[in-house]
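Q: Here is the input, now give the coordinates:
(2 chains)
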Amino acid sequence: MTVPGVLTVTVRIGAAPADVFPYFVNPALMIRWIGEWADLHPEPGGRFALDFSKTPVRGEYVEVEPPRRVVFTWGVAGHDSLPPGSTTVEVVLTADGSDTVVELFHHDLPVGERDRHLEGWTTMLGRLVPLLRFAGPESTAAS
Amino acid sequence: MSAVHGSAAAGAPDQSAPDQGDPADAVLRALADPHRRQILRLVRGGELAAGEIASHFDATQQAVSHHLQVLARAGLLSERRDGVRRLYALDPLALDPVREMLTELWPSALERLKYVVEQDQKNKKKTVEPTKAGRRP
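A: Numbering: from 1, shown residues only, chains lettered A, B, ... in the order given. The predicted model follows:
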């Protein structure tokens, strides 16, 4: 089901949740897949700072429950339509055999008049599907 | 599309994007001015006439009018005429480039995460196995 203002992306990784989780809380591991600099304090209220492509992403950790769930806020410093703390990223790691299914929900994205643009979201999520080569059933349902 | 080869190679397609003109740029430039951000806050609640917007500022009507034009050109404001009045409203579609930045970001980032974790797992096995096999004194 498509929820306006929430972006959902799913990926399957050939490793256990305990092996994947550190990549969301350890700065050295984080910047290997997103951003070029990170300052992370993975505890509720702890700092989440990440620079990628010169974009200063700032927020704080909300929930840190290794190895299955991590939630942090996400905004861009100095960016009025996406200020720090304005959106929330929820990551859920679920073991599936020897793999981990990573579901990422980006909540509270600026969608303006949400209901009117539900259609726009459906289109955009539909465009994402080809990118999700290892997507689970959730993202297939978005098309 | 070729395989992901770690962060340096994976960043390459992103760097070619400015050649095509980044639609987020005009929006970010328009947002760089505090007066223009204030205007967006004013119209967030609903459509306002140019005069009503100008009354919130010490600046001249001309200066405010200039800011309104910049915001409209960036697509952040929609503009319509009602008799002699010009009415401005926030255009929610203008946030698309920002949203698109994120909709492109997460799928590619998570594909990189997958690659990095799976490579690390392979390397871990390689280094662990010889140790098990016979490094004990």
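Q: switch to C-alpha atoms for all contacts and neighbour counts from now on
A: OK.
Q: per-residue confidence at A:Ser86?
A: At A:Ser86, the predicted lDDT confidence score is 83.
Q: residues contacting it?
A: A:73-75, A:108 (C-alpha atoms under 8 Å, 6 or more residues apart in numbering or on different chains).
Q: try it again with 10 Å
A: A:58-59, A:73-76, A:80, A:107-110 (C-alpha atoms under 10 Å, 6 or more residues apart in numbering or on different chains).
Q: again, but for A:Lys54
A: A:35-37.
Q: What's the separation between it and B:Ala74?
A: 21 Å (C-alpha to C-alpha, to the nearest Å).
Q: for A:Ile34, same thing?
A: Distance from A:Ile34 to B:Ala74, by C-alpha to C-alpha: 28 Å.
Q: where does chain B have low pLDDT?
A: Residue ranges of chain B with pLDDT under 70: B:1-25, B:28, B:92-103, B:128-137.
Q: where exactly do the strands run in chain A?
A: With DSSP state E as the criterion, chain A has strands at A:7-13, A:37-40, A:47-52, A:55-65, A:69-76, A:87-96, A:99-107.
Q: Name every strand pairing with the third one and say which way it goes.
A: Each strand that pairs with strand A:47-52, with its direction, by DSSP bridges: strand A:37-40 (antiparallel), strand A:55-65 (antiparallel).
Q: can you put the ones you listed in a markdown table and add mean pLDDT and mean neighbour count?
A: Below are the strands paired with strand A:47-52 laid out as a markdown table (pLDDT from 0 to 100; neighbours: other C-alpha atoms under 10 Å in any protein chain shown):
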| stretch | mean pLDDT | mean neighbour count |
| --- | --- | --- |
| strand A:37-40 | 96 | 20 |
| strand A:55-65 | 93 | 20 |
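Q: Looking at those strands, spot the one closest to A:Val9.
A: strand A:55-65 (19.0 Å; C-alpha to C-alpha).
Q: for the closest one, the distance to its chain's centre please.
A: Remark: strand A:55-65 is offset 10 Å from the chain centroid, using C-alpha atoms, centre = their mean, to the nearest Å.
Q: what about B:Arg85, distance to B:Gly51?
A: Going from B:Arg85 to B:Gly51 by C-alpha to C-alpha gives 8 Å.
Q: Name the nearest residue to A:Leu7, ignoring sequence neighbours.
A: Nearest residue to A:Leu7, sequence neighbours excluded (C-alpha to C-alpha, 6 or more residues apart in numbering or on different chains): A:His106, at 4.9 Å.
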